[in-house]
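Trainee: From the sequence below, what's the structure:
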Amino acid sequence: MTTELTRCAWANPANPRYLAYHDQEWGQPCHDEVQLFEMLNLEGAQAGLSWETILNKRDNYRRAFDNWDARKIARYDQDKMAALLADAGIVRNRLKVAATITNAQAYLRLKAELGGLDAYLWAFVDGEPIQNQWTLLGGNPAKTPLSDRISKDLSKRGFKFVGSTIIYAYMQAIGMVNDHCVECFRHQAVKE
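Mentor: Next comes the predicted model:
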């Protein structure tokens, strides 16, 4: 007999890609530079849309943005920008596409100065994820004083689409914050 797993309320059981994201990635501490850069840009692309929309386009984003190679993205010209804006596989928003190019340039500067997003981000939490205790009924915030601080610092460094709400969602996604509800089967697994 199979028992149904309890998951965070946002995990759409009708979308296998969404369930896999919840079960295997969301909230898992991430230290991979490419994935950190990818998620920062995908969270920005998600602004005003659902995460499910972006997740369903994730493979298209990887293809369109050279597998998140920041060196290549930083050199995109107007022709590449036009091609991206014509690509139905991604969100064709001029500001968001331009922000990804700007973010690649800002990322390369941050990497030269501090070693990369991994060293930079995890220093804000002394290398350890914040362990929250939310319930299925909710309670988790849209932003926090820490996401405010990171957002302001990233903005000063030239990053775009890094408002505090976007950064808090990013912190959740990359595991800087364990916001799986306590009833979710992943809460304890991510905590260990």
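Trainee: okay, and for this structure, where does confidence drop off?
Mentor: Along the chain, segments meeting pLDDT under 70 span 1-3.
Trainee: where exactly do the strands run in it?
Mentor: With DSSP state E, the ranges of strands along the chain come out as 130-131, 177-178.
Trainee: Between those, which one is closest to Cys8.
Mentor: strand 177-178 (11.1 Å; Cβ to Cβ). Every residue, glycine included, has its C-beta placed from N, CA and C.
Trainee: Pairing partners for the closest one, with directions?
Mentor: Paired strands of strand 177-178, with direction, are strand 130-131 (parallel) (DSSP bridges).
Trainee: what distance separates the partner strand from the centre of its chain?
Mentor: 17 Å (Cα atoms, centre = their mean, to the nearest Å).
Trainee: Isn't Gly175 up against Gly27?
Mentor: Yes: Gly175 is within contact range of Gly27, at 5.2 Å (criterion: Cβ atoms under 8 Å).
Trainee: hey, what's in contact with both of these two?
Mentor: Here Gly175 and Gly27 share the contacting residues Val190, scored by Cβ atoms under 8 Å, 6 or more residues apart in numbering.
Trainee: picking up where we left off before, of the strands of the chain, which is nearest Gln35?
Mentor: Using Cβ to Cβ, those put strand 177-178 closest to Gln35, at 16.4 Å.
Trainee: re earlier: looking at the strands of the chain, which one is packed in the most?
Mentor: Ranked by mean neighbour count, the strands of the chain are led by strand 177-178 with a mean of 24 (mean count of other Cβ atoms under 10 Å).
Trainee: Tell me which residue is most central in this structure.
Mentor: Nearest to the mean C-alpha position of the chain, by Cα atoms, centre = their mean, lies Met39 at 3.1 Å.
Trainee: Pull the contacting residues for that one.
Mentor: With contact set as Cβ under 8 Å, 6+ apart, Met39 has these partners: Cys30, Tyr170, Ala173, Ile174.
Trainee: The same query, at a cut-off of 7 Å, please.
Mentor: Each residue near Met39 by Cβ atoms under 7 Å, 6 or more residues apart in numbering is listed here: Tyr170, Ala173, Ile174.
Trainee: Cool, thanks, signing off.
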